[in-house]
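>>> Could you work out the structure for the sequence below:
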Amino acid sequence: MRLHRPAKLKLREHGIPYGPHRAHEMTREEYEHFDKIICADRANLSYIPSIGHVDYDDVMEFYDPSEKESLMMQWADEERDVSDPWYTRDFDAAYRDIYRACQAILESYIDNFKWRKACGEE
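Now for the predicted structure:
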């Protein structure tokens, strides 16, 4: 899936660089590699458990000890999907949602880093 033209225009408008992009299904190796997996919507978040399943005696059970999956807007204290311009054609709303969530994610990591540094856990 190529980057949609209106998405490119919105990124250019805000001076955000982009390059070739192709979506793909997440692999188990990717799941295990990343500390956090943040999805823009519930539909994509719902695909993650199938990757995180482990088989214990032929019983499939969800296993996520690190609580690595989250919905992007949860970081901005909202229980909803990012506005989807595929359906709404509103790229401004999508940009605002993503911007707010990314700010919250970065602030969370910066706060965590400062706390760890203050505790001598660098």
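
>>> Poorly predicted segments of this structure, please.
Within the chain, the stretches with pLDDT under 70 are 1, 49-50, 52-66, 121-122.

>>> Ser83 against Asp90, yeah?
Yes: proximity of Ser83 to Asp90 meets the contact threshold set by CB atoms under 8 Å, at 6.2 Å. No exception for glycine: its C-beta is placed from N, CA and C like everyone else's.

>>> Who has more neighbours out of the two?
Ser83 (19 against 13; other CB atoms under 10 Å).

>>> tell me what the lengthiest helix in the chain is packed against?
Counting residues, the longest helix found in the chain (DSSP state H) is helix 91-118. In terms of contacts (3 or more CB pairs under 8 Å, 6 or more residues apart in numbering; DSSP states H and E), helix 91-118 is packed against helix 5-13, helix 85-88.

>>> and the residue positioned nearest the centre of the chain, bridged to which residues?
Centroid check for the chain by CA atoms, centre = their mean gives Ile38 as the closest residue, at 2.2 Å. Beta-bridge pairing of Ile38 under DSSP bridges involves Ser70.

>>> List phi and psi for Gly83.
Let me fix one detail, which is that residue 83 is Ser and not Gly. Main-chain dihedrals, Ser83, degrees, to the nearest 10: phi -50, psi 130.

>>> Identify the residue spatially nearest to it, adjacent ones excluded.
Counting by CB to CB, 6 or more residues apart in numbering, Ala93 is the residue found nearest to Ser83 once chain neighbours are left out, at 3.9 Å.

>>> Test my guess that the one you found contacts Pro85.
Yes: taking CB under 8 Å as the definition, Ala93 is a contact partner of Pro85 at 7.4 Å.

>>> between these two, which one's more packed in?
Neighbours were counted for Ala93 and for Pro85 using other CB under 10 Å; Pro85 has more, 17 against 14.

>>> if I look at that one, how far off is Tyr95?
Applying CB to CB, to the nearest Å, the value for Pro85 to Tyr95 is 9 Å.

>>> which residues are common contacts for these two?
Shared contacts of Pro85 and Tyr95, defined by CB atoms under 8 Å, 6 or more residues apart in numbering, are absent.
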